[in-house]
Structure formats: structure tokens, C-alpha cells
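**Student:** task: produce atomic coordinates for the following.
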Amino acid sequence: MGLELAATGEDVLRTARSMADTVQAIIEREGWKISGRLNICARKVFATCWPARRMSEFLALQTYIRVFPKVLPSAPNLLKGDGDMAIRFEEPHASSLASHGLAPE
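**Tutor:** Below is the predicted model of the structure:
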């Protein structure tokens with residue numbers, strides 16, 4: 001017995017893997033080594049299910065990065081220093097933030 005992703009979840013997973021593959025290809029092409037600390041923040045309802053299951057796959061590809069998840073009770077605010085990256089349900093309102101959807105519309 002287990003859980004299976006719905007069609008939307010499968011789309012999100014395919015998109016995330018494609019994004020990771022694209023970043024990895026750029027890193028390899030340019031000969032970069034990314035290192036350091038990455039603080040990823042998300043609301044509890046999201047952080048406890050999707051990213052946690054895929055973190056080992058990401059860390060296997062990016063061995064020089066140390067990831068620190070931060071679970072918040074409300075929408076993460078990167079401008080106030082909640083983290084380096086946020087996984088959110090809501091679109092960010094600040095024009096200085098870059099965002100990318102995980103699922104097709």
C-alpha cells in the first residue's frame with residue numbers, strides 16, 4: 001500500500017526534473033561548482049510532503065550544497081529574510097523576486 005501522485009503531481013514532478021536537468025546541464029557546460037548553504041522555506045502543508053521526498057535526489061546531484069529546510073506557518077517572505085528560495089502556493093508580489101511555476105496551467 002502506498003501513495004501515488006495524481007496527474008497534476010506527475011506534471012509537477014516532470015517539470016521539476018526538467019528544471020533540475022537544465023540547471024545541471026548549464027553547470028556542467030560552464031564547469032561550475034555550486035557550493036554553500038541554501039535555505040529553502042515553505043509552508044508546513046507543502047514542505048512536509050513534496051520537497052522532502054525529492055531532496056535526496058537533488059542532494060545526490062549537488063554534493064557541494066548544504067540544504068536547510070525552513071517550515072513556516074504562513075507564506076514565506078524572501079524580502080524579509082525567510083530564506084534563499086521559497087516554495088509557495090501564492091505568486092510573489094515583489095517585482096524584485098523571480099518566480100517559476102512548478103505545474104503547467
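
**Student:** assign residue 91 to helix, strand or coil.
**Tutor:** What DSSP: H, G, I helix; E, B strand; the rest coil gives for residue 91 is coil.

**Student:** sorry, slip of the keys, the one I care about is residue 12.
**Tutor:** helix.

**Student:** which residues does residue 82 contact?
**Tutor:** Shown in contact with residue 82 (CB atoms under 8 Å, 6 or more residues apart in numbering): 41, 70, 72, 76. (Glycine included, C-beta is placed from N, CA and C.)

**Student:** again but with residue 84, I slipped
**Tutor:** By CB under 8 Å, 6+ apart, residue 84 lies in contact with 37-40, 78.

**Student:** can you pull the phi and psi angles for it?
**Tutor:** phi -90, psi -30 (degrees, to the nearest 10).

**Student:** look up how far residue 65 lies from it.
**Tutor:** 11 Å (CB to CB, to the nearest Å).

**Student:** overlap in contacts, those two.
**Tutor:** Joint contacts of residue 84 and residue 65 (CB under 8 Å, 6+ apart) are 37-38.

**Student:** now the contacts of residue 84 in a markdown table, with distance to residue 30?
**Tutor:** Formatted as a markdown table, the contacts of residue 84 follow (distance: CB to CB, whole Å):
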| residue | distance to residue 30 |
| --- | --- |
| 37 | 21 |
| 38 | 19 |
| 39 | 24 |
| 40 | 23 |
| 78 | 25 |
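
**Student:** so which of those residues wins on neighbours?
**Tutor:** residue 40 (19 neighbours; other CB atoms under 10 Å).

**Student:** looks like that residue contacts residue 88 (just checking).
**Tutor:** No - look at residue 40 against residue 88 with CB atoms under 8 Å: they stay out of range, at 11.2 Å.

**Student:** and residue 68, which helix or strand is it part of?
**Tutor:** Using DSSP states H and E, residue 68 falls within strand 65-72.
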